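**Student:** What follows is a predicted structure for the sequence shown.
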Amino acid sequence: MAEMTASSSQDRSQKGDTSLGHIAYVLRDNPVTMLAFGMLAFFLGCAFFGPALVPYDPLATNAARALEPPSWDHWFGTDNLGRDVFSRVIVATRLDLTISVAAVALSFVIGSVLGAAAGYWGGWLDAVLNRCLDTIMAFPLFVLAMGVLAALGNTVENIIYATAIINIPFYARLVRAEVNIRRNAGFAQAAKLAGNSDIRVLAFHIFPNALPPMMVQVSLNLGWAILNAAGLSFIGLGVRPPTPEWGIMVAEGANFIVSGEWWLAVFPGLWLMLAVFTFNLLGDGLRDIVDPRKRT
Amino acid sequence: MAPRSRMILGRMAQAIPVVMGVVVISFLLTRALPGDPAAYFAGPAADEASIAQIREELGLDKPLFQQFIYYVSDLSRGDLGTSLTTGQSVLSDLAARLPASLELTLAALLLSCAIAIPLGVLAATRPGTWVDHLCRVLVTAGVSMPTFFTGILLIYVFYYLAGVAPSPLGRLDFIYLSPPHVTGFYLIDAALAGDWETWGGALKQLVLPATTLALFTLAPIARMTRAAMLSALSSDFIRTARAAGLTNRKVLYGYAFRNALLPVVTTLGMVFSFTLGANVLVERVFAWPGIGSYAVEALVVSDYAAVQGFVLAMALLFVALNLVIDIAYALIDPRIGLK
Amino acid sequence: MLSIKDLAVTFKTRKGEVDAVRGISLDVGKGETLGIVGESGSGKSVTSYALMRILDAGGEIRAGDVTFGGIDLRAASERDMRDIRGREVSMIFQNPRAALNPIRRVGHQIKDVLIRHAQATRQNAKQKAIAALEAVRVNDAAARYDAYPFELSGGMCQRVVIAIALACNPQLLIADEPTTGLDITTQKAVMDLVGDLAAARGMSMILITHDLGLASQYADRIVVMKDGRIVEDGTPETLFTDPQHPYTQKLVNATPRIGASIRSLLPAEIRTAEPVHKVHDRPLLDVRDLVKTYPGKSGPVHAVKGVSFQIKAGQSLGLVGESGSGKSTTSEMIVRLQDPTSGHILFDGQDIAATPAARFMRHPVRRDIQMVFQDATDSLNPRDTAASAIAEPMSRIAGLSGAKRRDRVAELAELVGLPQPLLSRFPHQLSGGQKARVGIARAIALEPKLLILDEPTAALDVSIQAIVLNLLVDLRARMGMSYLFVSHDLNVVRLLCDEVLVMKEGEIVDQGPTADVMGAPKHPYTRALIDAAPQPPRPVAA
């Protein structure tokens, strides 16, 4: 056993060397991927350092300077309570990103395990899983998230759970299909002949080959998850005011759009769009990074 | 034809366990309410005695399984409970508001299919041209647009700045009278009544929300059409058809497009799901009196009977839509019924 | 009738332009059948697409003239080309099932062509389509008219494709690998049909194939292509008896045929003496009453119906059969990837069928029975390098690691002739022959006593096949392994195996020493298989 771990860690370190070079190659190869990763870095920067760097306290009200249009003092203007829209938009990044990344990670793990098991062993396991997924998918997903959140109560964790639940079927189905077509592939059979147990064949030989299409799904889902969380906040579920969150800010700003105070809703909305756009662009790059066939 | 109709019956039978699953989940959602459901159902102003009374009325003191039986038997009588806000039965509330939602959703889907499918086909048949690039930009940008934000932008531009759109408040401006109720779809009812002025008024109100929803659904449909058409065009049978000298028209539409339709029809199911969800947001933005805004109003005041009724209604609607899609698929694809 | 002069075709790819065809000239006379033979990537298919002007996107005719019956096909308008395609010049393709529109009735697909070329009106199109099906010897054509491609067998689909191609009585038929993927008896039926129809109608034909044997049997004249150029041109007899170009010589040598030895497949300059392998009397594998039944949708499927045979230590047994014969199921049961429904597999006297396949990886016999898979690409994990693929059985079963394992991998690579620098490559960076070597190295890493070879060369070009077969012969002599060689290609089995089994529909119909079974087949099915295999003319002793 000790021998085995030693050997596999050695393999990994060898692969690690090529992986860094490979990532650099993928980034250089496609300017869109480069742009997407740059934007991701920007958003991550906002999430980590934003609260420390913004010029105003996102919660501090100032009735004297309410509803001011964008200026040098307030780049994105102020809202009806005189809060600085720019500070609120930047500070909100951390919350929105946390929700989407946590939800997608949760559904990725649960969906992968369920889907891989169902795709590899089939039988009653597969039948039961399919029935459950069918039932989840029978709900319009946003509506199901509304229902779950209404039932569980309005907390950030519950937004994450609700978002994870509606994303699980995508991963489970994708992994199930990818595993199923490779279940009897030559390399899976060869791995069995090389002394691997079913679990090892599944975990180390078949599942990693499902990663490239899953990465595309991950990037799409990160985008959906943000949209979903913002949408829930927009209709008054999920995050509560005065917490800065893009969906709430758009909802609050919506009341002022008909009277022409556009900056309240437009800046958080644009930021939200940009974040979703970044995640959607990431897909191909992430796929290329985990796909050995892209190595030259 | 016999195996085909047997297959359609089989599909309908397959929907039954899904409907049962939906009922179980919506029951569990009701029971999973944090704290005491009776307190929620009784409303914020209730005292101990009335909560206890409601608990008994709702059967919440009974074992879970028995509660489920009650729930199902209520459902089978069409009883979804009573809304706190309107005081009406949830079923009649939903029935009154459903046509508004359906009119908006269907108009949006027709609009987006009418644009996205030709766009996807053109992009696939003319790779590298401006149509292809336009398609790619629309597809990437489209999925990144939060519907509620698109709606607000459209209102700002077309109502506040340009002044061409009517105020974003509901299905019909107050200067018009609602057309006599036949289908509940204003456009159809007004046309039936021959009241073209009202028809125009209803159409004006519909344009912005329908466009908002359509922009949202455009991307997945166009993306799938383009991909399906590309893969169909690179199939071996297209080469056979070309080598046999069939006309371009026949190859593109008779052979490639019909095959490409299959995955597109499948995608429509997913798109329906998105649309019904996005509908809630769009109705909220445009104060559209459909079941989405009904649910949002109910959520704000914790009117849970109404919310559960809404969730269940949406799920059943979606199951029905998926059934229609499955059957449509089977009618296009001969391989289905016989496998 | 058809004349091609200095045709050049290039493809635009992301890595720049690729010359697929570099100036070829050929003529096809009326009623003549021309074979175009070449290995993958030789440009043989591209030539035919170019003359039909149906090149894929990015392909372009750079230079040359193509004239057909006096018409300049290069200069013809697209509209004129559409009139010519299907009426004057038709094509049939490999993979017939994919060549038909999956959601349109086959009769309607024939009708489309008839109506397009004004060979029928809407009123009589159905009648004529049925007649076209009858012409390609489809039984019960009127009923087949309404069938969808997925309801028909592969051979039947190819007949439909031929019916579409011949519906308008073209003067030239281009057959692009028309029998690849079909069973050998179906291949013969299809080729005989096409040959008969061409002869009966006085139609010219271009037969494009990688199989020199097939071309020599059906073509009047053969051109050999390599890297977009024609290297030789002649009748089948002259090509086989007196090949001029070194490439043709290599190709002719590498084509397995009666009278050839395994070493004679190799180019003369690298030929060495054929090693002798020793067959012991002791049975290594004793299979008794092996049965495999699957639950099927319409009743149980009897894949293997009680087969019994022995393999002696050091012996090579050929297992021959067409698709559906149960030969793959049998080999998978022996290698313990599948559990038999009943029966015994005695390996060195021990019943290994008693241990379920799911737990067999811990069985001590696991290292003694290994397998080389049919499709080398599919059998290598795309995420593992060649070195880690070869090392896998050593680390899992033998517990080797570190420098020991690395040395052993290098040693094995040497043994199978895989250059050391290739060990760090991923499968997609290796050629077909290199992948086959990796697969073989992995299978012999633990020095198994029995190696199961499941059509190990089916996906390879003949020249690579010759090298891999010789490698297998060397390894057998060196390591004393027994082989179970599963194949559909009798000519290959003849070269490699001491004894042969013929399976049909889950049963063994014929068995015995290879020379006896092949030389004097007792069972009619064996005879049908031998007759169906194309036999190239015997070369003069090279």
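**Tutor:** Done, it's in.
**Student:** Next, find the distance separating A:Ser107 from B:Gly269.
**Tutor:** Taking Cβ to Cβ, to the nearest Å as the measure, A:Ser107 falls 20 Å from B:Gly269. Every residue, glycine included, has its C-beta placed from N, CA and C.
**Student:** what's the answer for A:Leu67, then?
**Tutor:** 44 Å.
**Student:** Just want to know which of A:Ser107 and B:Gly269 has more residues nearby.
**Tutor:** Using other Cβ atoms under 10 Å in any protein chain shown as the criterion, A:Ser107 and B:Gly269 rank with A:Ser107 on top: 26 against 17.
**Student:** close enough to count as contact, that one and A:Asn167?
**Tutor:** Yes. Contact criterion Cβ atoms under 8 Å: A:Ser107 and A:Asn167 qualify, at 3.8 Å.
**Student:** Show me the common contact partners of these two, please.
**Tutor:** Jointly contacting A:Ser107 and A:Asn167 under the rule Cβ atoms under 8 Å, 6 or more residues apart in numbering or on different chains are A:Asn221.
**Student:** Now B:Leu119: which helix or strand?
**Tutor:** helix B:90-125 (DSSP states H and E).
**Student:** ok, and does stretch B:154-164 reach over to chain A?
**Tutor:** Yes. Contact of stretch B:154-164 with chain A (Cβ under 8 Å from any Cβ of the partner chain) involves B:155-156, B:159-160.
**Student:** That stretch: how far from the chain's middle?
**Tutor:** With Cα atoms, centre = their mean, to the nearest Å as the basis, stretch B:154-164 stands 26 Å off its chain's centre.
**Student:** what mean pLDDT does it have?
**Tutor:** Stretch B:154-164 shows a mean pLDDT of 86.
**Student:** buried residues in it?
**Tutor:** Buried positions in stretch B:154-164, judged by neighbour count with 16 or more other Cβ atoms under 10 Å in any protein chain shown: B:154-156, B:158-160.
**Student:** any low-confidence regions in chain A?
**Tutor:** Along chain A, segments meeting pLDDT under 70 span A:1-19, A:294-296.
**Student:** Point to the residue nearest the middle of it.
**Tutor:** Nearest to the mean C-alpha position of chain A, counting by Cα atoms, centre = their mean, stands A:Leu222 at 2.3 Å.
**Student:** tell me what the helix holding B:Leu119 is packed against?
**Tutor:** If contacts are counted by 3 or more Cβ pairs under 8 Å, 6 or more residues apart in numbering or on different chains; DSSP states H and E, helix B:90-125 sits against helix B:130-144, helix B:186-193, helix B:196-233, helix B:258-285, helix B:291-300, helix B:304-332.
**Student:** Include mean pLDDT and distance to chain A when you put those helices into a markdown table, please.
**Tutor:** A markdown table is the format used below for those (pLDDT from 0 to 100; distance: least, Cβ to the nearest Cβ, whole Å):
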| stretch | mean pLDDT | distance to chain A |
| --- | --- | --- |
| helix B:130-144 | 82 | 4 |
| helix B:186-193 | 86 | 23 |
| helix B:196-233 | 89 | 10 |
| helix B:258-285 | 88 | 3 |
| helix B:291-300 | 86 | 5 |
| helix B:304-332 | 85 | 4 |
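**Student:** is it possible to export those helices to TSV including distance to chain C?
**Tutor:** Formatted as TSV, those follow (distance: least, Cβ to the nearest Cβ, whole Å):
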stretch	distance to chain C
helix B:130-144	12
helix B:186-193	34
helix B:196-233	9
helix B:258-285	6
helix B:291-300	38
helix B:304-332	7
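**Student:** Now render the ones you listed as TSV, adding distance to A:Leu202.
**Tutor:** Listed next are those as TSV, based on distance: least, Cβ to Cβ, whole Å:
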stretch	distance to A:Leu202
helix B:130-144	32
helix B:186-193	54
helix B:196-233	29
helix B:258-285	28
helix B:291-300	42
helix B:304-332	31
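**Student:** Indicate which one of these is closest to C:Pro243.
**Tutor:** helix B:196-233 (41.5 Å; Cβ to Cβ).
**Student:** distance between the closest one and the chain's centre?
**Tutor:** Helix B:196-233 sits 13 Å away from the centroid of its parent chain (Cα atoms, centre = their mean).
**Student:** which other helices and strands contact it?
**Tutor:** Right, helix B:196-233 is packed against helix B:90-125, helix B:130-144, helix B:147-154, helix B:186-193, helix B:258-285 by 3+ Cβ pairs under 8 Å, 6+ apart.
**Student:** can you state the direction angle for that helix and helix B:130-144?
**Tutor:** Orientation of helix B:196-233 against helix B:130-144 (axes from the mean of the first three to the mean of the last three Cα atoms, to 10 degrees) gives an angle of 110 degrees.
**Student:** Contacts for the helix or strand following helix B:196-233 next, please.
**Tutor:** Of the helices and strands lying after helix B:196-233 in sequence (DSSP H and E), the nearest is helix B:236-243. By Cβ under 8 Å, 6+ apart, the surrounding residues in contact with helix B:236-243 are B:232, B:250-251, B:255-256, C:52, C:54, C:85-86, C:90-91, C:93, C:95, C:98-102, C:112, C:161, C:164-165.
**Student:** who are the neighbours in contact with the residue of the stretch 51-200 of chain A found nearest chain C?
**Tutor:** Relative to chain C, the nearest point of the stretch 51-200 of chain A is A:Gly186 (3.1 Å; Cβ to the nearest Cβ). Neighbouring residues of A:Gly186 by Cβ under 8 Å, 6+ apart: C:373-375, C:378-380.
**Student:** What about those residues, which one has the most neighbours?
**Tutor:** Of all those, the highest neighbour tally under other Cβ under 10 Å goes to C:Ser379, namely 28 neighbours.
**Student:** That one reaches C:Pro427, doesn't it?
**Tutor:** No. With contact defined as Cβ under 8 Å, C:Ser379 does not reach C:Pro427; the gap is 9.1 Å.
**Student:** How far does stretch C:206-215 stretch from one end to the other?
**Tutor:** Terminal residues of stretch C:206-215 lie 10 Å apart, using Cα to Cα, to the nearest Å.
**Student:** Kindly report the same for stretch C:338-349.
**Tutor:** 20 Å.
**Student:** what's the closest non-adjacent residue to C:Asp281?
**Tutor:** In this structure, C:Asp281 finds its nearest non-sequential neighbour in C:Lys312, 6.4 Å apart by Cβ to Cβ, 6 or more residues apart in numbering or on different chains.
**Student:** and that neighbour, how many residues sit next to it?
**Tutor:** 18.
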